[in-house]
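*Asks:* no sequence on this one, just coordinates:
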């Protein structure tokens, strides 16, 4: 079943509507959605490596736009929507930690953490809640999200066939590793 799902995602990644789905997931992940855009970005690049640059740019633009929604939720609607999103994902303690970090380090936190696969929605909502300067937020988001997606894209562009062969040969192991990394990222956020 896992291999069939992988083949289906890979086939759909080369479809006409795939970029729209990538944009939608990247947008939603930055404010409310739990799944990272990598679940679409990686197979889309593997399906057509020539599009790596445009796909990374699309993921960046959509992620920053979604991040702006997260920022606005934190800035204007934290008491209602922001707290509900943070509570839904069990990130209350992480929010308090990031709130303190934002007050102390500001933009640096966004630059560093925005380039990692931790839940970006926590950063965007927190940045709005602590009223980080909007232009600073947008600039740091563009830099960090672009770095995040371009590194993944460049690795797949230059090492695509071996990566794809590895994934296909060890699909179960790769799936477990992705699941562990996702859970680990969420656990790290909760610790800090």
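*Replies:* Cool, the structure landed. All values derive from a computational prediction rather than experimental measurement.

*Asks:* who does the lengthiest helix in the chain touch, helix- and strand-wise?
*Replies:* Across the chain, the helix with the greatest residue count (assigned by DSSP state H) is helix 134-169. If contacts are counted by 3 or more Cβ pairs under 8 Å, 6 or more residues apart in numbering; DSSP states H and E, helix 134-169 sits against helix 38-47, helix 52-76, helix 107-113, helix 120-129. No exception for glycine: its C-beta is placed from N, CA and C like everyone else's.

*Asks:* now do 10 Å
*Replies:* Where contact means 3 or more Cβ pairs under 10 Å, 6 or more residues apart in numbering; DSSP states H and E, helix 134-169 is packed against helix 2-12, helix 38-47, helix 52-76, helix 107-113, helix 120-129, helix 171-191.

*Asks:* any idea which of those scores lowest on pLDDT?
*Replies:* Note on the helices and strands packed on helix 134-169: lowest mean pLDDT is at helix 171-191, with a mean of 62.

*Asks:* against residue 107, how distant is the residue nearest the centre of the chain?
*Replies:* In the chain, the centroid-proximal residue (Cα atoms, centre = their mean) is residue 36; its distance is 4.3 Å. Remark: distance between residue 36 and residue 107 (Cβ to Cβ, to the nearest Å) = 23 Å.

*Asks:* next one: residue 80
*Replies:* For residue 80 relative to residue 107 (Cβ to Cβ), the value is 27 Å.

*Asks:* higher neighbour count, these two?
*Replies:* The residue with more neighbours, out of residue 80 and residue 107, is residue 107; 18 against 9, by other Cβ atoms under 10 Å.

*Asks:* alright, calling it a day.
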